[in-house]
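1. Here is the input, now give the coordinates:
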Amino acid sequence: MRVGNYFYHQSDKQYYPFVKSDDERNKADQKDKSDELSFLTEHFDALKSLV
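-> Residues are numbered from 1 along each chain as shown. Below is the predicted model:
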């Protein structure tokens with residue numbers, strides 16, 4: 001069953017976000033990360049060379 005941007009998983013008895021494509025899934029994953037973690041992962045090579 002789907003309601004808005006969520007679908008209901010009967011065996012888990014809870015709603016999960018519905019993601020339509022890989023691009024949207026990547027955006028959703030990025031939202032879960034903190035800003036600091038995103039910065040570190042994007043600039044890892046530059047930061048590694050500083051150390």
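2. Which stretches in this protein count as helices?
-> Applying DSSP state H to the chain gives helices spanning 22-32, 35-42, 44-50.
3. Worst mean pLDDT among the ones you listed?
-> Least confidently modelled of the helices of the chain is helix 22-32, at a mean of 64 by mean pLDDT.
4. quick one, what contacts Tyr6?
-> By CB atoms under 8 Å, 6 or more residues apart in numbering, the contact set of Tyr6 is 15-18. Where you see a C-beta, it was placed from the backbone N, CA and C, and this is true even at glycine.
5. Please repeat the previous calculation with a cut-off of 10 Å.
-> By CB atoms under 10 Å, 6 or more residues apart in numbering, the residues touching Tyr6 are 14-18.
6. Save those residues as TSV, and put in pLDDT, distance to Ala46 and neighbour count too.
-> Putting the contacts of Tyr6 into TSV (pLDDT from 0 to 100; distance: CB to CB, whole Å; neighbours: other CB atoms under 10 Å) gives the following:
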residue	pLDDT	distance to Ala46	neighbour count
Gln14	89	41	9
Tyr15	88	40	15
Tyr16	86	36	11
Pro17	80	33	11
Phe18	76	37	12
